[in-house]
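Asks: sharing a model that was predicted from the sequence below.
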Amino acid sequence: MRGRQTNTALMRTAFVGRERTNAARRLQRDYAELINATEPLVGVSAKPTSDDMFTWHGNLQGPAGTKWAKGVFHF
């Protein structure tokens, strides 16, 4: 029984590693789209931290004409 648990753990680890690689590729593609945008992104900024593609920092400016208009929201 112990061997099956180890095999399951190895399969789970391989799956998580593959998903993380796919996710990293997607985030890199999204970041490239943000920095290479031909139209300016007014009130929007986002980028990954320097040491982790999975940790991002960004700001959104509240849309005009709403109760959030003067706000800047950090995420």
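Replies: Arrived safely, thanks for sending. Here the structure is a predicted model, which means the values were calculated and not measured.
Asks: buried residues in the longest strand along the chain?
Replies: For the chain, the strand that runs over the most residues, judged by DSSP state E, is strand 52-61. Neighbour-count burial for strand 52-61, with 16 or more other CB atoms under 10 Å as criterion, is recorded at no position. No exception for glycine: its C-beta is placed from N, CA and C like everyone else's.
Asks: what's next to it, contact-wise?
Replies: Residues from elsewhere that reach strand 52-61 (CB atoms under 8 Å, 6 or more residues apart in numbering): 20, 23-24, 27-28, 31, 42-49, 71-75.
Asks: average pLDDT for that strand?
Replies: Per-residue pLDDT over strand 52-61 has a mean of 92.
Asks: run the chain-centre distance for it.
Replies: Using CA atoms, centre = their mean, to the nearest Å, we find the averaged C-alpha position of strand 52-61 to lie 7 Å away from the chain's own average C-alpha position.
Asks: do the same with stretch 67-75
Replies: 20 Å.
Asks: where along this protein do the helices fall?
Replies: Here the chain has its helices, by DSSP state H, at 2-35.
Asks: ok so, going back, what pairs with the longest strand of the chain, parallel or antiparallel?
Replies: Sheet partners assigned to strand 52-61 using DSSP bridges are listed as strand 44-49 (antiparallel), strand 72-74 (antiparallel).
Asks: can you give the contact residues for the last one?
Replies: Counting contacts by CB under 8 Å, 6+ apart, the residues outside strand 72-74 that touch it are H57, G58, N59, L60, Q61, G62.
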